[in-house]
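Undergrad: turn this into a structure:
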Amino acid sequence: MTEHTVDDALFAADPVERGIARELFAEVRTAPIISPHGHVDAAMLAEDRAFPDPTALLITPDHYVTRLLHADGADLADLGVGAAVDPRAAWRLLAGRWHLFAGTASGFWFERTLRDRFGVEDELTAASADRVYDRIAAALAGERFRPQALFDEFGIAVLATTDDPLDDLAGHARLRESGDVRGRVAPTFRPDAYLDPAAPDFASRVLRLLGGRPASFDAYLDALQERRRHFVAHGAFSADHGVIEPYTVAMEAADAERLFQRVLSGESDAVDEREFRGHMLWQMARMSVEDGLVMTIHPGVHRDHSPAVRRRYGADAGADIPVPVEYVRNLKPLLDDFGLRRDFHLVLFTIDETVFSREIAPLAGFYPSVFIGSPWWFIDAPEAIARFRAATAESAGFYRSSGFVDDTRAFLSIPVRHEMARRADAAALARMVVDGRIRRSRAEQIIRDLVDAVPRRAFKL
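TA: This next block holds a predicted model:
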C-alpha cells in the first residue's frame, strides 16, 4: 500500500483517487493568489515595517487561535488581545496547549506556516516553545520577512482589505502610487456600523458621515454614495455587508425619511431598527447596480456574544457565534428589483451549511446576479469545503461560485489557507472523476478556473 506523504495532505486514502488529486493540485499549486475578501491592514503593507515578534504576527490577530485558548481558560489579555503582552510568555502559553488544535483547520494552517515559512519541523510543545520562538524571531529581523517582500513571495495577484466608509484610504493610495508590491491591493466598502441603528455610536457615525449636511434621508444616501465613489476611485471592486440576517425591504421615500428620523433620534424600537437595516440593504443593492461594486453579504453571526468580553477587551475579540440564516424570503424584495440585472453581482456567504443546497445554490442556479460565496469563518475547513462542493455543484455547478476567500487578519496564513482550499477542491474533483461524474480533462480545467477565472468573474476583476 502506498503511504501518505506530506504532499498528499487532505487527499483520499484510495491510491487511484489520491493520484488524480495530486495531479490536479499540481495544476494550481503555484498559481497566483486572488484574495477578494480579507482583513489585512493596507497600512501594514504600505509602511512595510518589520513584524515585532512571533506573537504579534501569528497569535494575537488570529481569532481562530485566541478563541480556542480562551475556551480552555486562557486570559485573552495574556495573548495580546486588547492589552500589551509579554510575547514570549504568550507563545509559551500557546505551545503548552497546542494539543487543543489537533484536527482543527487552524492547527493545520499554523503548523504548515511554521514549516513552509520558517523551516520548523518540530512539533510545537512546551519543550520546543522557546527554540521555535527564537527561530521565528530571528527570521523576522531579516528583509525577507518584511510585509512587502512576503506579499510578493506569496504570489498575491489581488488582495482586498476591509475598510470603514470614512477611511481616507491613504495606505491604498501609497501602495498604488509607489508600486512597492506587484499585486493589486484594493479597499472594500464595509458600511455596517453606518447602516445599523443598533450599532454602537450609530447616530454620531451618521452625523460624521453627513459632514454638516442637513440630517435628511436623502442627504444620508448622498453621503453614502459619495463615499462609495471615493472607494471606487481608490480601486475598490466590492462592498461587504456583515449582517445578522439578510432581510431586505423596499420603502417609499416618505416612509424611509420618517424611519430615518426615528432611528437617528434614538426613538426607534427593535421593529424600526430591523426595517431600517432591511431597507438599507436594499439601498446598497441599488447603489451597487449604479456604481458597479460587487455586493457581498456575510450574514448569520451573533457578534460579540459575550458582553463581559466586549466590555473588557473591546469588539471583535473572538466571541462570535453562528446563527441560522434564511435567504429566499429575506432577499425577495431585493431580487425582485435587481436580481435579473446582469451587471449586478451579489455574492451570498453563509456559515449555516444547510443553506448551501437548500437556498444559495438554487438561487445562483437561476438568478444571473447571484453567486455562491465559498465556506468562510467557522466552516472554511477541508471537510466543510468538501461538503460545500457536494451541496452546491449538483445544482449550480462550479462556475456560479465566488472562488475561495481567506477572510483572514493573520497575514502569514494567506498562502496556506489558499493551498488548503486548492487541495480540498482537487480532492473533491478527483472523487468526481473516479465516480465517473466528470471527465478528467474537465476536472483539470475546473481546478484552474477555480483559482482564477471563477473569482475574476464573480468579483468583476
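
Undergrad: count of residues packed around residue 445?
TA: Per other Cβ atoms under 10 Å, the neighbour tally for residue 445 reads 14. No exception for glycine: its C-beta is placed from N, CA and C like everyone else's.

Undergrad: most centrally placed residue in this structure?
TA: Centroid-nearest residue in the chain, with Cα atoms, centre = their mean: residue 407, separated by 2.2 Å.

Undergrad: residues in contact with that residue?
TA: Residues counted as contacts of residue 407 (Cβ atoms under 8 Å, 6 or more residues apart in numbering) are 37, 38, 39, 376, 377, 380.

Undergrad: most surrounded residue in those?
TA: Of the contacts of residue 407, with other Cβ under 10 Å as the count, residue 37 tops at 27 neighbours.

Undergrad: per-residue confidence at it?
TA: As summarised for this prediction, residue 37 has a pLDDT of 97.

Undergrad: that one in helix, strand or coil?
TA: Recorded secondary structure, residue 37: coil (DSSP: H, G, I helix; E, B strand; the rest coil).

Undergrad: quick one: the strands in the stretch 101-250 of the chain?
TA: In the stretch 101-250 of the chain, the segments counted as strands under DSSP state E, counting those that start in this stretch are 156-160, 184-186, 238-241.

Undergrad: pick the most deeply packed of the ones you listed.
TA: Ranked by mean neighbour count, the strands of the stretch 101-250 of the chain are led by strand 238-241 with a mean of 24 (mean count of other Cβ atoms under 10 Å).

Undergrad: after it comes which helix or strand?
TA: Moving toward the C-terminus from strand 238-241, the next helix or strand (DSSP states H and E) is helix 253-265.

Undergrad: then the helix or strand just after that next one to CSV, C-alphas only?
TA: Next in sequence after helix 253-265, counting helices and strands by DSSP H and E, comes helix 270-291. Output in CSV follows, covering the C-alpha atoms of helix 270-291 (Å, rounded to 0.1, in the frame of the first residue of the first chain):
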residue,chain,number,x,y,z
ALA,A,270,-36.4,46.8,17.5
VAL,A,271,-39.0,46.6,14.8
ASP,A,272,-38.0,50.0,13.4
GLU,A,273,-34.3,49.0,13.5
ARG,A,274,-34.9,45.8,11.6
GLU,A,275,-36.9,47.7,8.9
PHE,A,276,-34.2,50.3,8.6
ARG,A,277,-31.5,47.7,8.2
GLY,A,278,-33.6,45.8,5.7
HIS,A,279,-34.2,49.0,3.6
MET,A,280,-30.6,50.0,3.7
LEU,A,281,-29.5,46.6,2.5
TRP,A,282,-31.9,47.1,-0.4
GLN,A,283,-30.4,50.6,-0.9
MET,A,284,-26.9,49.1,-1.0
ALA,A,285,-28.0,46.8,-3.8
ARG,A,286,-29.5,49.8,-5.7
MET,A,287,-26.2,51.6,-5.3
SER,A,288,-24.2,48.6,-6.5
VAL,A,289,-26.3,48.5,-9.6
GLU,A,290,-25.4,52.1,-10.2
ASP,A,291,-21.7,52.1,-9.3
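
Undergrad: after helix 270-291, which helix or strand is next? Please name it.
TA: Past helix 270-291, the next helix or strand by DSSP H and E is strand 294-297.

Undergrad: who touches that following strand?
TA: Strand 294-297 has contacts (Cβ under 8 Å, 6+ apart) with 37, 237-241, 243, 246, 281, 284-285, 288, 344-349, 373, 458-460.

Undergrad: what about the helix or strand that comes right after it, average pLDDT?
TA: Sequence order places strand 301-302 as the next helix or strand after strand 294-297, per DSSP H and E. For strand 301-302, mean pLDDT is 92.

Undergrad: contacts for the following helix or strand past strand 301-302?
TA: Downstream of strand 301-302, the next assigned helix or strand under DSSP H and E is helix 307-313. If you take Cβ under 8 Å, 6+ apart as the criterion, helix 307-313 is touched by 76, 77, 81, 82, 83, 304, 317, 318, 319.

Undergrad: tell me the mean pLDDT for helix 307-313?
TA: On average, helix 307-313 scores 88.

Undergrad: what of stretch 231-238?
TA: 98.

Undergrad: can you point out the buried residues in that stretch?
TA: The neighbour-count check on stretch 231-238 (16 or more other Cβ atoms under 10 Å) flags 231, 232, 234, 235, 236, 237, 238 as buried.
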